[in-house]
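Q: give me the fold of what follows.
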Amino acid sequence: MNKDSKIFVAGHRGLVGRAIVERLRADGYLNIITQTHNELDLLNQSDVESFFSKVKPEYVFLAAAKVGGIGANSAYPADFIYQNMMIGFNVIHSAWLHGVKKLLNLGSSCIYPKMAPQPLKEEYLLTGPLEPTNDAYALAKISVIKLCNSFNKQYGTNFLSVMPTNLYGPGDSYDLKNSHVLPAMIRKFHEAKISGKDVVELWGDGSPYREFLYSEDLADAVIFLMNKYNASDLGEFVNIGTGVDQTIKQLADYIQKTVYADIPMRTCEVIWDSSKPNGTPKKLLDVSRLSTLGWNSRVTLEDGLNRTYHAFLNNSTEHIESK
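A: Numbering: from 1, shown residues only. Down below sits the predicted model:
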């Protein structure tokens with residue numbers, strides 16, 4: 001990408017898209033194109049094609065998606081599979097139709113089988129059943145990966161796909177009905193702190209292992225890949241993560257220490273609601289392929305949690321309400 005290239009970031013208001021836009025601007029890119037939902041409905045094929053025909057972006061970061069935690073995925077599977085497939089299909093088809101030079105599609109590590117060997121290698125895709133609590137979302141993401149590869153094979157496009165691990169950072173959603181585990185914990189511990197409550201209730205039993213990547217690290221990785229590599233260099237897709245995981249119980253401890261850092265003598269009792277689902281027992285990405293390409297994560301979980309919580313405090317009403 002040149003500094004004056006037309007770069008469309010789809011989903012610029014989300015956690016990932018926001019981080020990509022901020023990093024592009026910091027790196028001196030001058031022609032970043034964004035569209036709100038009111039300006040462009042990515043579910044509408046004719047609107048998407050009209051936008052690409054008129055604007056003619058040269059590079060596309062496909063970060064738009066309907067996302068949520070276990071509760072939201074279980075409650076709204078039709079919304080998750082339909083909206084994510086339509087967004088991906090519309091953007092990718094229009095990118096091909098209107099000559100986009102390179103597109104980078106952001107997927108999710110939930111695409112892997114529930115009981116796949118750990119750590120998760122790219123070749124484990126479609127080798128077993130998916131996790132039932134988010135299989136609709138996972139199937140949509142798998143379909144978009146396959147669409148990128150199909151266009152590359154048939155039409156010679158340069159559409160890359162990456163699979164990030166669990167993400168967190170400034171601008172995340174803290175809506176308790178729909179958010180992911182890490183921001184939900186931040187909000188619960190914060191509300192307990194300011195209200196003086198001594199107990200915080202969390203889902204599951206705390207035993208699953210999860211890996212977390214700071215959103216600014218992800219932005220660094222995808223811009224690195226967009227500039228340095230083509231789809232043919234990456235295979236079907238490439239994992240992006242830290243290569244380090246911890247249990248959900250350990251994560252709760254880290255977050256509680258972060259939230260209560262100014263009053264370390266006070267803590268909350270955590271009650272685990274084992275009637276709620278745990279999800280996949282372990283989900284750690286094998287990041288050796290990305291490491292070989294020359295990129296490794298830099299932000300530690302401790303540092304990332306501190307940055308994220310301070311961003312939450314500075315704008316505590318942002319992204320809390322349901323959208």
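
Q: and the helices in the protein?
A: With DSSP state H, the ranges of helices along the chain come out as 15-26, 45-55, 70-75, 77-97, 135-155, 181-195, 215-228, 231-234, 248-259, 288-293, 301-314.

Q: got the ones you listed as TSV, with mean pLDDT columns?
A: Below are the helices of the chain laid out as TSV (pLDDT from 0 to 100):
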stretch	mean pLDDT
helix 15-26	97
helix 45-55	98
helix 70-75	81
helix 77-97	97
helix 135-155	97
helix 181-195	94
helix 215-228	98
helix 231-234	93
helix 248-259	96
helix 288-293	96
helix 301-314	96
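
Q: tell me which of the ones you listed lies nearest to Met1.
A: Among the helices of the chain, the nearest to Met1 by CB to CB is helix 215-228 (5.9 Å). Bear in mind the C-beta positions are built from the backbone N, C-alpha and C, glycine included.

Q: what's that closest one packed up against?
A: Using 3 or more CB pairs under 8 Å, 6 or more residues apart in numbering; DSSP states H and E as the contact test, the elements touching helix 215-228 are helix 15-26, strand 59-62, strand 102-106, strand 159-164, strand 166-168, strand 238-240, helix 288-293.

Q: got the buried residues for the first one?
A: Applying a neighbour-count criterion of 16 or more other CB atoms under 10 Å, the buried positions in helix 15-26 are 15-24.

Q: on that earlier part again, rebuild the helices and strands packed on helix 215-228 as TSV, extending it with distance to Glu302.
A: Compiled in TSV, the helices and strands packed on helix 215-228 are given as follows (distance: least, CB to CB, whole Å):
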stretch	distance to Glu302
helix 15-26	19
strand 59-62	28
strand 102-106	25
strand 159-164	20
strand 166-168	13
strand 238-240	20
helix 288-293	22
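
Q: out of the ones you listed, which is closest to Ala221?
A: Judged by CB to CB, the one of these that comes nearest to Ala221 is strand 238-240, at 4.9 Å.

Q: the closest one pairs with which strands?
A: Strand 238-240 pairs in its sheet with strand 159-164 (parallel), by DSSP bridges.

Q: hey, C-alpha coordinates of the partner strand in PDB?
A: Written as PDB, here are the backbone C-alpha positions of strand 159-164 (Å, rounded to 0.1, in the frame of the first residue of the first chain):
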ATOM      1  CA  PHE A 159      -7.700 -11.900  -1.100                       C
ATOM      2  CA  LEU A 160      -6.000 -12.800   2.200                       C
ATOM      3  CA  SER A 161      -7.700 -14.300   5.300                       C
ATOM      4  CA  VAL A 162      -6.400 -14.200   8.800                       C
ATOM      5  CA  MET A 163      -7.800 -15.900  12.000                       C
ATOM      6  CA  PRO A 164      -7.200 -13.800  15.100                       C
END
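
Q: give me the angle between that strand and helix 215-228.
A: Angle, strand 159-164 to helix 215-228, by axes from the mean of the first three to the mean of the last three CA atoms, to 10 degrees: 150 degrees.

Q: what's in contact with strand 159-164?
A: 16, 92, 95-96, 102-109, 111, 122, 144-145, 148-149, 151-152, 213, 218, 221-222, 225-226, 229-231, 234, 236-241, 285 (CB atoms under 8 Å, 6 or more residues apart in numbering).

Q: quick one: closest of the helices and strands packed on helix 215-228 to Asn178.
A: Proximity to Asn178 (CB to CB) singles out helix 15-26 among the helices and strands packed on helix 215-228, at 12.8 Å.

Q: coming back round to it: which of the contacts of strand 159-164 are buried?
A: Neighbour-count burial (16+ other CB under 10 Å) applied to the contacts of strand 159-164 gives 16, 92, 95-96, 102-109, 111, 122, 144-145, 148-149, 151-152, 213, 218, 221-222, 225-226, 229, 231, 234, 237-241, 285.

Q: need the residues that contact stretch 274-288.
A: Counting contacts by CB under 8 Å, 6+ apart, the residues outside stretch 274-288 that touch it are 70, 74, 109-110, 112, 114-115, 118-122, 131, 133-134, 163, 165-166, 203-205, 207-211, 239-245, 248, 296-297.
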